[in-house]
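**Q** Return atomic coordinates for the entry below.
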Amino acid sequence: MDDGILIPPEQLHLTWETRIRVLTNPTVWSSLLLAFGIPSALLGSLVATLAKRPEYALWIPLVTLSILFGIFTLVGLVIDLFGGFKVVFFLTSHGVRSVAGKGAKAASTAAVLAGLFSGNHGAVGAGLLAESEQNVFISWQDIAKLKVKTWRRFIMVKRQWGYKPIGLYCTPENFSQVMEIFRYYAGGRLPN
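**A** Just a heads-up that it's a prediction; the model follows:
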């Protein structure tokens, strides 16, 4: 009991485990482009302005992104060769939860260590951020937006800006059941 409000016990509606491939996943690539593309373009513009060399605005993002995409492709290839990232999803009466498996933990630790040894602060930050996202929960009331990609059986669950979203990778067998649960708890936030 909290401040006189009785919270009912959490009821599990559905749980499933899946493996997420990295190199063939458009969501991963677009997130990577946003996470590193925008900062490197801003850095390039800043350096170009300060150095009064306009070509730096193009070269710095190109070189930075080429190096990061090369590293990401190698890491993604290794991850995909071992079957992808294992993730377990839970839909409960309180909300949506995503729990990453051991492979995700190993990859985030590897990113931190590689960043430390190479002196790349961006890689260290990305690895630490990935470690903080191993267990993510969004309550039904906190869902601000849902994006559904029916053909991929994918649902992006978002909170307010600045919070980690959850990407639900459904199976062919459970997609309709997952959609029914979302219609019940968050029907007003489903796209038409």
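**Q** domains for this protein, by residue range?
**A** 1-21+84-101+134-187, 23-82 (automatic domain parsing).
**Q** Mind telling me which of these the model trusts least?
**A** Mean pLDDT is lowest for domain 23-82 among the domains of the chain, at a mean of 81.
**Q** chain center to it, what's the gap?
**A** With CA atoms, centre = their mean, to the nearest Å as the basis, domain 23-82 stands 17 Å off its chain's centre.
**Q** distance between the ends of it?
**A** 12 Å (CA to CA, to the nearest Å).
**Q** So the residue of the chain most remote from its centre versus Leu116, what's the distance?
**A** Going by CA atoms, centre = their mean, the residue of the chain most distant from its centre is Lys52, 36.9 Å out. Lys52 is 34 Å from Leu116, where distance means CB to CB, to the nearest Å. Any C-beta I mention is one placed from the backbone N, CA and C, and that applies to glycine too.
**Q** Next: Gly84.
**A** Gly84 is 26 Å from Leu116, where distance means CB to CB.
**Q** Compare these two and say which one has the larger neighbour count.
**A** Gly84 (21 against 13; other CB atoms under 10 Å).
**Q** Give the closest residue to the more buried one in space, chain neighbours not counted.
**A** Arg19 (3.9 Å; CB to CB, 6 or more residues apart in numbering).
**Q** can I assume the one you found is in contact with Val88?
**A** No. Using CB atoms under 8 Å, Arg19 is not in contact with Val88, being 10.7 Å away.
**Q** which phi and psi does the closest residue to Asp142 other than its chain neighbours have?
**A** Nearest non-adjacent residue to Asp142, counting by CB to CB, 6+ apart: Arg159, 5.0 Å away. For Arg159, the backbone dihedrals are phi -100, psi -160 (criterion: degrees, to the nearest 10).
**Q** isn't Arg159 right up against Leu146?
**A** No. Under the criterion of CB under 8 Å, Arg159 makes no contact with Leu146, lying 11.1 Å away.
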